[in-house]
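1. dropping a prediction and its sequence here:
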Amino acid sequence: MFISQRTANAAPTAQIVPAIHSLGLSVNTLYSVDWAGDREASELWARTQYQSVLTVLGKQALCETKLAILFQTAAALTAQVLDLAGCSLWQLLSDGSTLRRVAYVGGSTTSSEAIDSDMQTSPWITVLLETDAALLDQTELMELQAEPRSTASETAGLQGISIQIPGQKKPLGVFISTVSEIRSLAADEIELLQAIAHLLGAAIERKRTEDLLYAQTQVLEQVTSGAPLAAVFENLCLLIEQLAPGSFCSILQLEKGTGTLRSGAAPSFSPAYSQTLDGLQIGDAMASCGTAAYRGEAVFVADVSTDPLWEKFREFAQDYDIRSCWSMPFLSPSGEVLGTFALSHRVPCEPTPYHLQLLKMAAHLASLATERNRAADRLRQQALYDNLTCLPNRVFFMEKLAERLKSISIYSGKSTQFAVLFLDVDHFKLVNDSLGHSVGDQLLISIVRLINRCVRTTDTVARLGGDEFAILLDNVNESSQAQLIADRIRAILSFPLRLREHEVFTSVSIGIAHSLGNYTHPEEILRDADTAMYRAKALGRSRHAVFDTAMHTNALSRLR
């Protein structure tokens with residue numbers, strides 16, 4: 001065997017040079033040897049070098065080397081040792097119909113310009129994925145673009161051999177080697193290519209397993225740390241897309257009680273995609289996701305252009321280049337549908353066992369994240385809201401009041417003022433003692449409903465406890481504005497309330513404190529509103545009173 005002086009033009013990267021030099025002989029020394037006169041020595045040397053190549057690549061495959069570096073190292077070493085005109089690795093994408101070049105060595109183009117180019121498979125390339133080793137002629141090399149931007153003259157006199165990169169269930173890609181027509185690859189050289197292909201296949205499978213575990217761990221860490229649900233969903237989609245290159249992920253959440261799906265995440269689609277799907281009604285023949293949520297089971301549509309489930313959504317699929325869509329619902333522990341996780345592709349295709357594994361994992365993680373978010377919402381509801389009236393409680397109101405006071409201190413002179421109303425139901429104990437606590441509860445609920453009619457959406461109504469309520473009136477620069485709202489509340493409560501078989505008359509006493517009092521702590525303004533409320537009660541109930549400093553002075557005098 002004779003080793004020529006020509007080398008691959010693509011310069012090895014910093015990670016690849018040590019791999020080449022780790023072979024038994026240096027590159028320059030190898031080229032200076034002519035084994036033409038000793039066939040036995042030539043074959044022995046060749047076997048030694050082939051084993052060295054496999055050893056180098058095997059070590060990289062077993063360590064933490066990134067697949068991109070392993071691929072390029074394999075291409076560079078193979079082209080170097082076998083004296084190839086070119087060498088490229090093509091990985092099969094998630095759709096099972098598209099090859100993506102992940103490594104390239106040879107020709108006049110640098111490897112970085114040749115990587116990440118996709119090619120839809122043609123019938124003859126489909127044969128490559130079904131054949132362990134296949135010969136390629138000049139025309140096939142041109143279509144495969146083994147030489148980037150190659151022309152007929154540049155590929156003249158070249159031929160290639162395609163070696164399948166095997167996987168557990170189906171091929172993972174192909175390994176293309178290009179040589180001159182005047183030189184054919186020997187049997188031991190083809191065996192080396194097949195050994196490298198098997199090694200790369202094992203490395204890809206190992207990396208898949210590692211990436212699956214990493215994706216699970218990362219999402220679970222987000223969930224346990226309390227990250228926002230939208231952020232968890234987006235990260236989950238991006239991780240699954242990395243595990244299934246060429247796919248597009250989306251998550252829809254089922255809105256409880258309405259039967260509609262709301263957009264959860266679709267990071268690789270345009271915002272218009274999410275807006276269009278937001279509010280999708282579930283039901284049979286409502287595309288993949290609407291049908292999956294309705295049935296409570298996975299729906300796999302291999303070709304949206306012909307499947308009846310997509311009849312109403314053909315134009316939508318064309319707009320966003322969706323040719324296949326597999327949707328799996330994610331459920332609560334009780335079996336309630338919480339939403340759907342979908343994998344879409346731009347070519348018609350069916351899911352593989354690996355895809356099913358990804359879908360099940362993603363659905364499980366989406367379910368955990370949703371349940372964690374629901375539990376957090378329930379805890380927040382219990383901590384910050386009143387169970388009877390569903391109004392914010394004292395803790396929530398004080399936090400809101402503190403934020404409002406802080407905004408005034410920071411943006412002094414620019415921020416609008418506000419007022420606090422302190423309400424107490426007159427003679428509420430009498431209702432409880434005479435008609436029972438259940439009627440008293442109904443009275444409080446009715447009062448809250450009427451109060452909400454009198455305030456604006458920007459105002460905050462809270463139940464402080466018992467029959468006491470507080471209202472934060474925002475954007476109130478004068479005390480007279482707060483008094484108008486207080487009068488409105490008293491007026492609407494002047495009419496009798498029908499509570500079961502009882503007709504109940506009630507009223508409220510209201511104290512008003514305005515932020516112009518230069519307060520620094522929320523307790524101070526709430527205290528003064530409470531003081532004004534007791535002043536209103538002392539004046540005969542069913543009225544309001546505005547706080548002034550004399551009220552506080554009198555209270556201190558009584559305390560002494």
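-> That came through, no problem.

2. just for the stretch 51-200 of the chain, where's the confidence low?
-> Counting by pLDDT under 70, the ranges of the stretch 51-200 of the chain that qualify are 64, 107-128, 137-157, 181-182.

3. hmm, I was thinking of the stretch 401-550 of the chain
-> 409-415.

4. my read is Arg378 is in a helix, agree?
-> Yes: note on Arg378: a helix contains this position according to DSSP: H, G, I helix; E, B strand; the rest coil.

5. any idea how far it lies from Ala292?
-> Counting by C-beta to C-beta, to the nearest Å, the gap between Arg378 and Ala292 amounts to 27 Å. Where C-beta positions appear, they are placed from N, C-alpha and C, glycine not excepted.

6. and what of Ala244?
-> Distance, Ala244 to Ala292, using C-beta to C-beta: 18 Å.

7. settle it for me: which of these two has more neighbours?
-> Under the neighbour definition other C-beta atoms under 10 Å, Ala244 and Ala292 were set side by side, and Ala292 has more, 30 against 22.

8. may I have the helix or strand harbouring that one exported as PDB, CA atoms only?
-> Following DSSP states H and E, one finds Ala292 within helix 287-295. This file holds the C-alpha atoms of helix 287-295, laid out as PDB (Å, rounded to 0.1, in the frame of the first residue of the first chain):
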ATOM      1  CA  ALA A 287     -56.400  18.800  14.600                       C
ATOM      2  CA  SER A 288     -54.000  16.600  16.600                       C
ATOM      3  CA  CYS A 289     -54.000  18.600  19.900                       C
ATOM      4  CA  GLY A 290     -57.700  19.400  20.100                       C
ATOM      5  CA  THR A 291     -58.600  15.700  19.400                       C
ATOM      6  CA  ALA A 292     -56.000  14.400  21.800                       C
ATOM      7  CA  ALA A 293     -57.300  16.600  24.600                       C
ATOM      8  CA  TYR A 294     -60.900  15.600  23.800                       C
ATOM      9  CA  ARG A 295     -60.200  11.800  23.700                       C
END
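
9. which strands and helices sit next to that helix?
-> Here helix 287-295 is seen to pack against strand 248-255, strand 260-265, strand 280-281, strand 299-301, strand 324-331, strand 337-345 when contacts are counted using 3 or more C-beta pairs under 8 Å, 6 or more residues apart in numbering; DSSP states H and E.

10. what lines up beside the longest one in the sheet?
-> Read that as strand 337-345. strand 248-255 (antiparallel), strand 324-331 (antiparallel) (DSSP bridges).

11. how about the second one?
-> Strand 260-265 has the following strand partners under DSSP bridges: strand 248-255 (antiparallel), strand 280-281 (antiparallel).

12. would CSV of those strands with distance to Asp548 and mean neighbour count be doable?
-> Output for the strands paired with strand 260-265, formatted as CSV (distance: least, C-beta to C-beta, whole Å; neighbours: other C-beta atoms under 10 Å):
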stretch, distance to Asp548, mean neighbour count
strand 248-255, 50, 24
strand 280-281, 58, 16
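
13. which one of those lies closest to Ala68?
-> Closest approach to Ala68 among the strands paired with strand 260-265 is made by strand 248-255 (21.9 Å; C-beta to C-beta).

14. list the contacts of the helix holding Ala292.
-> Where contact means C-beta atoms under 8 Å, 6 or more residues apart in numbering, the residues beyond helix 287-295 that reach it are 250, 252, 254, 261, 277, 280-286, 298-301, 304, 309-310, 312-313, 316, 325-329, 337, 339-340, 342.

15. hmm, 7 Å instead?
-> Counting contacts by C-beta atoms under 7 Å, 6 or more residues apart in numbering, the residues outside helix 287-295 that touch it are 252, 254, 261, 280-286, 298-299, 301, 309-310, 313, 325-329, 337, 340, 342.

16. let me have the strands paired with strand 337-345 in a markdown table, adding distance to Leu99 as columns.
-> Compiled in a markdown table, the strands paired with strand 337-345 are given as follows (distance: least, C-beta to C-beta, whole Å):
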| stretch | distance to Leu99 |
| --- | --- |
| strand 248-255 | 18 |
| strand 324-331 | 18 |
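
17. can you tell which of those strands is closest to Gln442?
-> Across the strands paired with strand 337-345, Gln442 has its closest neighbour in strand 248-255 (29.6 Å, C-beta to C-beta).
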